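>>> mind folding the following:
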Amino acid sequence: MRLAAFYAAGVVVLLLLIGTLLDGPPPLSVLAYVGVPFGIFFLLAFLLLAAARRAGFAALWILLLALWVWLIRQSDLTVDAPRVFLAWSALAIPLFGIGALGTFGAQADAPTLTRMPRPLLILIVWAALAALAMYATGGTMALPFYVDPDQLVYKLGRFVWPPAPFAFSAIELARVWRATSPVTSAAPAA
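Sure thing, here's the model as predicted:
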């Protein structure tokens, strides 16, 4: 249950950070609709995680993906995509962190062309998408060049933020599944 507490603390910190940067906590209003039903499923998934690491992580990522599908079906992607992406990210990044730290060193986590670990590359891409989402929703950050936030959302909203959670979830499911496989986990360190 320590992982569940760590996860909950990470979600709260991220929601507060996003709310502070956006001059108010819009992600809370987006997540209010799904709090209790998904909260029950997340509790069950964390109980499963305590018993079976692979199945627990798979269940949590699948739940996050189901939440994403539900959120994008409930919103207008030409307007709400960045805000909904930030709300989903506040739930997904702590799980990503738990998985990255829990499986660190369990496998070769670096692409062959670079020495940077894959989780760090994913986090950089995720941070860039989150920064664009904050800019598009009127956050207190600035880009090095001027882009009208409304045009950014209108032109990129459907093509940038909606597919990203599918990619992040698929990559993390595959990475955690490989890193926690009995063959990889039992292999001696090279």
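
>>> the protein: helices as residue ranges?
2-21, 26-31, 35-51, 53-73, 77-102, 118-136, 149-160, 163-179, 182-186 (DSSP state H).

>>> most packed of the ones you listed?
Of all these, helix 77-102 carries the top mean neighbour count, a mean of 21, counting by mean count of other CB atoms under 10 Å. Placement of C-beta: from N, CA and C, glycine included.

>>> show me what it is packed against.
helix 2-21, helix 26-31, helix 53-73, helix 118-136, helix 149-160, helix 163-179 (3 or more CB pairs under 8 Å, 6 or more residues apart in numbering; DSSP states H and E).

>>> mean pLDDT for the helices of the chain: which is lowest?
Mean pLDDT is lowest for helix 26-31 among the helices of the chain, at a mean of 52.

>>> to Phe42, which of the helices and strands packed on helix 77-102 lies closest?
Nearest of the helices and strands packed on helix 77-102 to Phe42, taken as CB to CB: helix 53-73 at 6.3 Å.

>>> the closest one packs against which elements?
helix 35-51, helix 77-102, helix 163-179.

>>> so what's the residue nearest to Ala130 when sequence neighbours are not counted up against?
Using CB to CB, 6 or more residues apart in numbering and skipping the chain neighbours, the partner closest in space to Ala130 is Ser89 (5.7 Å). The contact partners of Ser89, by CB atoms under 8 Å, 6 or more residues apart in numbering, come to Leu14, Trp126, Ala130, Ala133.

>>> isn't the last one right next to Asp80, touching?
Okay, so that is Ala133. No: between Ala133 and Asp80 there is no contact under CB atoms under 8 Å: 10.6 Å.
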